[in-house]
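1. I would like the atomic coordinates for the input below:
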Amino acid sequence: MGGLNNCAAQEAIGEQALQLLQNVFGYPAFRGQQAEIVEHVASGGDALVLMPTGGGKSLCYQIPAMLRKGTGVVISPLIALMQDQVDALAEAGVRAAFLNSTQSFDESVRTERKLRNGELDLLYVAPERLLTSRCLDLLASSRIALFAIDEAHCVSQWGHDFRPEYIKLSILHEQFPDVPRIALTATADHLTRAEIIQRLQLDEARQFVSSFDRPNIRYQIVEKANGRKQLLDFIESEHAGDAGIVYCLSRKKVEEVADFLNANGVTALPYHAGMDNGTRAANQSRFLREDGIVMVATIAFGMGIDKPDVRFVAHLDLPKSIEGYYQETGRAGRDGQPADAWMAYGLQDVVQQRRMIDESEADENFKRVQSAKLDAMLGLCETLSCRRVRLLTYFGEPSSACGNCDTCLNPPVSFNATVEVQKLLSAVYRTEQRFGAMHVLDVLRGVDSEKVKQWRHDQLPTFGVGADRSDAEWRAILRQAIAMGLVTVDHDGFNALKLTEASRAVLRGEQQIELRQYQKPIKQKFKPIKTKGYVESDLSAEGQVLFDKLRWWRVETARKHNVPAYVIFHDATMREIARVKPASLDDLRHISGVGEKKLETYGAEIVALIAEKA
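-> Numbering: from 1, shown residues only. Take a look at the predicted model:
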């Protein structure tokens, strides 16, 4: 009988959850594992949720918080975005607030009072604030529905975005053992997943792992020649007028690339930790609120960015790990429409990342883990097969060739490079492992430079043995040899190339080497491919005119409400309105993304706008 009662209770929770999804958020049905997660957490269960960016993680804690008695407390490191998150919920009619360092004392006190009085559905708190005795006492004196630990990968010391405060969040389990907890992230390999479970004491939590695949994103990695020029060509040919993010490793490079793009007609803004807070916040606000802006940034930017219409993410420097790359590229195409992940990658990237690991003050175990992560990232760059397969394999997910990455659309040519690599290794050995890449390649190609003559390296048996290949070809071979661990760079101030133990087998002829054939960088324009989740616009000429009117109305409305435009309605919702042309509030109610609060707030305006004659 207890089982029957339990089933009935689960069914009732499921029905209530669906009603909230439809009435508050305006979506007709849950996607993927959302319904299962919502029912489990709403019933009091702990959960670890791995779901890709754009997969709908937020609903997995927002709806259970509204179903349970009390307030859902969301721990998030994204102080700069809390206001936008709270505004978006308010637009949907959800009672939400935040506690963080941007508030005055009086504002904090008002929020605390609302929490104690049970007047909030959701409260966003930064981990630093949560861990204070004042905040813990506040939570103890309030009714808490659940704890949601967002961006849970921040707990991992091995991860790409470690936050030391996250390690102390085990206090939630210790002080509030009866309150369910849900930890969520878009990125976690097996090592990171195990650390999340251990550090947050989620051993009994049910794990929900969605597919890591983002089929609407096309992955493209090009040979770096002139990175800034290649980036400009990519934007102009593929994404003119689109919103995008460009990642660079250094603050200086961020500024230079933003200036370069602006000088060439692309509206670009810089973002990095060295900027003053006001300018950084203003640039982020413009990116979120305006159309067609390119943000050039270090990895300090992006986590929690909910802008759905970012059409491309570009990297001008190699990310440190596949997790970082996946997290950053995942900010493109959250709306399910075609998007690009583009990267320019070259020899210097490999050298630079190896140097950063070697010169870090971390212990040997940490360096070993970081080296393994870099090796996996290099493997993705150098792969001869489908990039998506390689990416998903890293996260333990089997797949087949996608037909929507550069290696599928324009398959690279491989060749047996054993003899070439032997020549390279011999040149490194003959120059006594004391010289950098440029000098060694000059010796290989038989270049009579002053330095070659000075050291009498033109007398070496390896001088000129590689004259049949260009400098660019040899740089590609050297880059791949370093990526494979056959050659290393000694960061002694001279960047001398040195042989590794693994090179012995190649020099002895005991190991064959297969490499990618160098291809001269060319402008490639791929047509967007129809993928799962891709909704092709079927607007008539009249519908397109209406869609443009709706976008203009949205810009003005967002400005009045001081929120990003997508908080009012997503493009997909407005495209559907333009297609269907609802003539009444009841017709508008059936459009995906139009909840009851938004219907009440904007419905009459939209119906009137549709009724206007052009």
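2. going forward, measure contacts between C-alpha atoms and count neighbours the same way
-> Fine.
3. run through this structure and note the low-pLDDT ranges.
-> For the chain, applying pLDDT under 70 flags the ranges 1-8, 158-160, 492-493, 522-538, 613-614.
4. if we use 80, what do you get?
-> Applying pLDDT under 80 to the chain flags the ranges 1-11, 80, 157-162, 187-189, 300, 302-305, 491-494, 520-538, 613-614.
5. now the farthest one out in it, which residue is it?
-> residue 459 (51.4 Å; C-alpha atoms, centre = their mean).
6. now do that residue against residue 446, distance only.
-> The gap separating residue 459 from residue 446 is 10 Å, by C-alpha to C-alpha, to the nearest Å.
7. could you report the neighbour count for residue 375?
-> A count of neighbours around residue 375, defined by other C-alpha atoms under 10 Å, yields 20.
8. shift numbering so it begins at 18
-> Fine by me, first position is 18 from now on; the one you just mentioned is residue 392.
9. let's see the strand or helix carrying it as PDB, backbone CA atoms only.
-> For residue 392, the enclosing helix or strand under DSSP states H and E is helix 381-399. Coordinates of each C-alpha in helix 381-399 appear next as PDB, following Å, rounded to 0.1, in the frame of the first residue of the first chain:
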ATOM      1  CA  GLU A 381      54.300  17.300  -9.000                       C
ATOM      2  CA  ASN A 382      50.900  15.400  -8.700                       C
ATOM      3  CA  PHE A 383      49.000  18.500  -9.800                       C
ATOM      4  CA  LYS A 384      51.400  19.100 -12.700                       C
ATOM      5  CA  ARG A 385      51.000  15.500 -13.800                       C
ATOM      6  CA  VAL A 386      47.200  15.900 -13.900                       C
ATOM      7  CA  GLN A 387      47.400  19.200 -15.800                       C
ATOM      8  CA  SER A 388      49.800  17.700 -18.300                       C
ATOM      9  CA  ALA A 389      47.400  14.800 -18.900                       C
ATOM     10  CA  LYS A 390      44.600  17.300 -19.500                       C
ATOM     11  CA  LEU A 391      46.700  19.300 -21.900                       C
ATOM     12  CA  ASP A 392      47.600  16.100 -23.700                       C
ATOM     13  CA  ALA A 393      43.900  15.400 -24.200                       C
ATOM     14  CA  MET A 394      43.400  18.900 -25.500                       C
ATOM     15  CA  LEU A 395      46.300  18.600 -27.900                       C
ATOM     16  CA  GLY A 396      44.800  15.300 -29.000                       C
ATOM     17  CA  LEU A 397      41.600  17.000 -29.900                       C
ATOM     18  CA  CYS A 398      43.500  19.600 -32.000                       C
ATOM     19  CA  GLU A 399      45.600  17.100 -33.800                       C
END
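10. in it, what counts as buried?
-> Neighbour-count burial for helix 381-399 flags 384, 387-388, 390-399 (criterion: 16 or more other C-alpha atoms under 10 Å).
11. what does stretch 478-492 give?
-> 479-484, 488, 491-492.
12. how distant is it from the center of its chain?
-> Mean C-alpha position of stretch 478-492 versus that of the full chain (C-alpha atoms, centre = their mean, to the nearest Å) differs by 39 Å.
13. could I get that stretch in PDB with only the CA atoms?
-> The C-alpha coordinates for stretch 478-492 follow below in PDB (Å, rounded to 0.1, in the frame of the first residue of the first chain):
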ATOM      1  CA  PRO A 478      75.100  15.900 -41.600                       C
ATOM      2  CA  THR A 479      71.500  17.000 -40.800                       C
ATOM      3  CA  PHE A 480      72.100  20.400 -42.500                       C
ATOM      4  CA  GLY A 481      69.600  20.700 -45.400                       C
ATOM      5  CA  VAL A 482      68.100  17.200 -45.100                       C
ATOM      6  CA  GLY A 483      64.700  18.800 -44.900                       C
ATOM      7  CA  ALA A 484      65.100  21.300 -47.700                       C
ATOM      8  CA  ASP A 485      62.200  19.700 -49.600                       C
ATOM      9  CA  ARG A 486      59.600  21.100 -47.100                       C
ATOM     10  CA  SER A 487      58.700  24.700 -46.200                       C
ATOM     11  CA  ASP A 488      59.200  26.300 -42.800                       C
ATOM     12  CA  ALA A 489      55.400  26.100 -42.200                       C
ATOM     13  CA  GLU A 490      55.400  22.400 -42.900                       C
ATOM     14  CA  TRP A 491      58.300  21.800 -40.500                       C
ATOM     15  CA  ARG A 492      56.600  23.900 -37.800                       C
END
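14. lovely, talk soon.
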